[in-house]
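Undergrad: How does the following fold in three dimensions:
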Amino acid sequence: MTKPATVSSASLTGLLGDTPLRDYSRKLSRFNAFAEPELRRMIASLGLSPGMRILDAGCGTGESLPWLLEEVEPSGQVVGIDLAAAHVDVARRYSSANIEVLQGDLLTAPLATASFDLIWCINTINHLRDPVRGVRRLQGLLRNGGRIALGQSSLLPDMYFAWDSRLERVTNEAVRQYYRARYDLAEQDLASVRAVVGTLRSARLRNVSVRTVVIERLFPLDAAAECYLLETIFRDTWGERLRPYLSDGDFAELIHVCDPRDSRYALRRPDFHVLQSFTLVVGEL
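TA: Residues are numbered from 1 along each chain as shown. Alright, predicted model coming up:
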């Protein structure tokens, strides 16, 4: 397989090539369905109150919008914004008198200063070339005492193959190599994803707290978990794109365990057990 052509990061809006035409709709919807119980518990832990105004910065396909609204009803309001037009088209199915969805760039969007009590921002800030600048832009949208909640999945290594840590390790490294090659990135360009605590502190937010939960599923899987793992991880994140970054033997083994038609298919193993972390860092203006 030919190695993907690289793209100069200098020409891209976001670190990983995000543009208004980028479409992760299926991936985002599958992740939200997979992680809904944990995400909703994280939202509930924020102690929101009726009447608050919330911004979902990088709202994706919008599944979190009604979850956030539930915490601030009946008089609260939620605004979602995303750069990708395709994501906004999906998210607008949740539009209502109390939910508004906008398409635009977080750094330049016409949002009123000092107009939000909470900014919920999941798997988004790490896509910016300058995450601290992004947080400072969000700070300007907060009312006095308002908070920013930055969420990031997979700060800790994921576990997919409990029975084969070596294959899991080389597969995860192949993914990193793929993204570095595709977007012409160095290892240090990907470091900001791990530094969400430092990002909030560098932006001079107060009372920074952090909580990490484990999204844990085991055989037999529910439909949402199997769909996310098979379609988003096994096929879209891994699959044929990893062939140049794995040995022939490792790639063949990966294909076996990821193929529902194969007797070795991972998601039908009685010892299948997946772990994925989700970290929420909260800071106050």
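Undergrad: can we go C-alpha only for contacts and neighbour counts from here?
TA: OK.
Undergrad: Any stretches of the chain with poor pLDDT?
TA: For the chain, the stretches with pLDDT under 70 are 1-16.
Undergrad: all strands for it, in order.
TA: Along the chain, counting by DSSP state E, strands occupy 53-57, 77-82, 99-103, 116-122, 142-153, 206-218, 273-284.
Undergrad: Mean neighbour count and distance to residue 20 for those - can I get that in CSV?
TA: Shown next, in CSV, are the strands of the chain (neighbours: other CA atoms under 10 Å; distance: least, CA to CA, whole Å):
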stretch, mean neighbour count, distance to residue 20
strand 53-57, 25, 15
strand 77-82, 25, 9
strand 99-103, 20, 8
strand 116-122, 24, 18
strand 142-153, 21, 22
strand 206-218, 15, 30
strand 273-284, 20, 26
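Undergrad: which residue sits closest to residue 206, ignoring its sequence neighbours?
TA: residue 284 (4.9 Å; CA to CA, 6 or more residues apart in numbering).
Undergrad: Do I have it right that that neighbour meets residue 209?
TA: No - the pair residue 284 / residue 209 is not scored as a contact, 9.4 Å apart, by CA atoms under 8 Å.
Undergrad: so what's the closest residue to residue 100 other than its chain neighbours bridging to?
TA: Using CA to CA, 6+ apart and skipping residues adjacent in sequence, the residue nearest residue 100 is residue 79, 4.8 Å away. Assessed by DSSP bridges, residue 79 has beta-bridge partners residue 55, residue 100.
Undergrad: what residues are up against residue 79?
TA: Taking CA atoms under 8 Å, 6 or more residues apart in numbering as the criterion, residue 79 is in contact with 53-56, 65, 99-102.
Undergrad: Swap in 6 Å and give it another go.
TA: Contacts for residue 79 (CA atoms under 6 Å, 6 or more residues apart in numbering) come out as 55, 99-101.
Undergrad: now residue 250
TA: With contact set as CA under 6 Å, 6+ apart, residue 250 has no partners.
Undergrad: rerun that using 8 Å as the cut-off
TA: So residue 250 contacts residue 167 (CA under 8 Å, 6+ apart).
Undergrad: burial of residue 66, as a residue count?
TA: Neighbour count of residue 66, defined by other CA atoms under 10 Å: 16.
Undergrad: From what I see, it and residue 94 are in contact.
TA: Yes - if you go by CA under 8 Å, residue 66 and residue 94 touch, sitting 7.1 Å apart.
Undergrad: those helices in this structure, which residues are they?
TA: For the chain, helices defined by DSSP state H occupy the ranges 25-44, 64-72, 85-91, 131-139, 165-183, 196-202, 223-227, 248-258.
Undergrad: can I get these in CSV with distance to residue 113?
TA: Shown next, in CSV, are those (distance: least, CA to CA, whole Å):
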stretch, distance to residue 113
helix 25-44, 23
helix 64-72, 20
helix 85-91, 22
helix 131-139, 9
helix 165-183, 34
helix 196-202, 19
helix 223-227, 38
helix 248-258, 48
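Undergrad: re the thing from before, and the residue nearest to residue 100, how far from residue 209?
TA: Taking CA to CA, to the nearest Å as the criterion, residue 79 is separated from residue 209 by 24 Å.
Undergrad: One more: residue 21?
TA: Remark: distance between residue 21 and residue 209 (CA to CA) = 35 Å.
Undergrad: in stretch 20-33, what counts as buried?
TA: For stretch 20-33, the neighbour count (16 or more other CA atoms under 10 Å) marks 20, 23, 25, 27-33 as buried.
Undergrad: what's next to it, contact-wise?
TA: Residues from elsewhere that reach stretch 20-33 (CA under 8 Å, 6+ apart): 39, 60-61, 63-64, 83-87, 90, 104, 224-225, 227-228, 232.
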